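>>> No sequence on hand, only this structure:
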C-alpha cells in the first residue's frame, strides 16, 4: 500500500491536530517547563566543570511566574548575581505546538509506528530546546562577565541568534521531514514494487479455463485408436 502524502487530506488533518494540540498543551505546559529547566540546569552544570571558581557550576536555574501570570525559566550567575535574565517558556515550547500536529497528520502503516515516530521527534525536540536555553545563558555570560574572550563572545552571540531564529521556524519542519524523508519523496519501501514479467503473465492468465486434453492410452495415442500398421 502506498503511504504518500495527499495534500488536501494532510492539510485537513494538520489543521485539526493543530487546534487540539494548542488547547491540550495548556495543562501540560507547567510540568514540561519544570522538566526542561531541570534538564537544562543539569546540562549547564556539566559544561561548567572548571578549576576557576568564577566558572565552576555557577548557574542557578528555576521556573517562576512573570508579571502577566506566564511561566518563564529564570537563570542567575552565583558568582555575579547581577547577571540574570529569564526566558519565556512559551517561546521555547512553541515548536512543539507545530511539530506534534505534523507528526500526527502524516500517515503511517500502523498506530504503533506513528507514535514511535512521535516519541523520536519529541526526544529530538527536547535536545534542541536544552541546547537553545544553554546557548542563551552562555551568550549573556559572555557579554557581561569578565574572562570571556572576543572569540567566545562572538561565538555565543552568533549561536544565540541562530537558535532563536531557527528554533520555532525551521526545527519542527527539519525534524518532521527528516523522519519521513523517504515517504515524502515516494522512495524506498513506501512505493509498491512492480511485478516481474513472469508474475505479470501469471496474473493475466488467471481466470482462463484450461483446454481439456484427450485421454492417453497405450503407446501415447489419443482417443484409444489402434496404431497404424506398417506396410
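Cool, the structure landed. From a predicted model like this one, the values you see are computed outputs, not experimental measurements.
>>> How many neighbouring residues does residue 186 have?
Other residues lying near residue 186 total 12 when counted by other CB atoms under 10 Å. No exception for glycine: its C-beta is placed from N, CA and C like everyone else's.
>>> can you map out the strands along the protein?
Here the chain has its strands, by DSSP state E, at 59-65, 71-77, 84-88.
>>> if we compare the ones you listed, which one ends up closest to residue 40?
Smallest distance to residue 40 across the strands of the chain (CB to CB): 6.3 Å, for strand 59-65.
>>> tell me the contacts of the residue nearest the centre of the chain?
Centroid-nearest residue in the chain: residue 121, 2.9 Å away (criterion: CA atoms, centre = their mean). Residues near residue 121 by CB atoms under 8 Å, 6 or more residues apart in numbering: 99-100, 103, 175-176, 179.
>>> and residue 146, how many neighbours?
Residue 146 has 6 neighbours, counted by other CB under 10 Å.
>>> Just the pLDDT at it, thanks.
pLDDT, residue 146: 84.
>>> again with residue 229
What the model reports as pLDDT for residue 229 is 50.
>>> now do residue 193
Listed pLDDT for residue 193 reads 49.
>>> go on, residue 54?
In this model, residue 54 is scored at 75, pLDDT.
>>> Also the one 4 residues further on?
With respect to pLDDT, residue 58 scores 90.
>>> That one contacts residue 77, doesn't it?
Yes. Using CB atoms under 8 Å, residue 58 is in contact with residue 77, at 5.1 Å.
>>> State the mean pLDDT of the longest helix seen in the chain.
In the chain, assigned by DSSP state H, the helix with the most residues is helix 7-47. In this model, helix 7-47 carries a mean pLDDT of 92.
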